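A.B. asks: Have a look; sequence and predicted model below, questions after that.
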Amino acid sequence: MESSSSNSEKRELQLMQLEERQFHSKCVAWFKELNLHLETLHNNKRNLLMYLDALDKLIDERVLKYGELRMKDREVQAIKEIEKRLKEREIQQQESLSTNGTTLIASLVTKGATVGNSELLLLVLLYHCWFKIDTATKD
């Protein structure tokens, strides 16, 4: 009986060893598969970091470009504002000159133009007319 018991134990031991080898094979296959997935994740992570770096550089470039464009836009607006003020000042100066000329003419007319200052009156009138023509052509 011992021999049948021994045979039975041997068979059981062989079955256990077979199961252990199969389990070991499965574990090795799972390990290899897990390694493959980990490598893929690592590669994906590396690619993602490269893409993020490239995107970060593009964003930095766009921010700088946008800042430059805003600065240029502000410069253009400032130039337009200066031109507007200069034009307003020029118009005020022209109106002031026109008013001064008109006042001078009125003053001469009120005092009465004599033969001696009629030439001066004529010069003032000619200047006043030229000033109005010159102003009209500038607009």
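C.D. replies: Great, that's in hand. Residues are numbered from 1 along each chain as shown.
A.B. asks: pLDDT score assigned to the spatially most central residue of the chain?
C.D. replies: With distances taken as Cα atoms, centre = their mean, the chain has residue 66 as the residue nearest its mean C-alpha position (1.5 Å). On the pLDDT scale, residue 66 is placed at 93.
A.B. asks: Work out for me the element it sits within.
C.D. replies: Taking DSSP states H and E as the criterion, residue 66 maps to helix 2-111.
A.B. asks: helices and strands around that helix, which ones?
C.D. replies: With contacts taken as 3 or more Cβ pairs under 8 Å, 6 or more residues apart in numbering; DSSP states H and E, helix 2-111 sits against helix 118-138. Backbone N, C-alpha and C define where each C-beta goes, glycine included.
A.B. asks: Could you give the average pLDDT over the helix it packs on?
C.D. replies: Averaging pLDDT along helix 118-138 gives 62.
A.B. asks: ditto for stretch 28-48
C.D. replies: The pLDDT scores in stretch 28-48 average 95.
A.B. asks: same thing with stretch 93-103?
C.D. replies: For stretch 93-103, mean pLDDT is 73.
A.B. asks: Return the distance of that stretch from the chain's centre.
C.D. replies: 48 Å (Cα atoms, centre = their mean, to the nearest Å).
A.B. asks: again with stretch 56-67
C.D. replies: Chain-centre distance of stretch 56-67: 7 Å, with Cα atoms, centre = their mean.
A.B. asks: Tell me the buried residues in that stretch?
C.D. replies: Neighbour counts over stretch 56-67 (16 or more other Cβ atoms under 10 Å) mark no residue as buried.
A.B. asks: Convert it to CSV, retaining C-alpha atoms only.
C.D. replies: C-alpha atoms of stretch 56-67 as CSV (Å, rounded to 0.1, in the frame of the first residue of the first chain):
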residue,chain,number,x,y,z
ASP,A,56,4.9,76.2,-24.2
LYS,A,57,7.4,77.7,-26.7
LEU,A,58,4.7,78.5,-29.2
ILE,A,59,2.6,80.1,-26.4
ASP,A,60,5.6,82.2,-25.3
GLU,A,61,6.2,83.3,-28.9
ARG,A,62,2.6,84.2,-29.4
VAL,A,63,2.5,86.2,-26.1
LEU,A,64,5.6,88.1,-27.2
LYS,A,65,4.2,88.8,-30.6
TYR,A,66,0.8,89.9,-29.1
GLY,A,67,2.7,92.2,-26.7
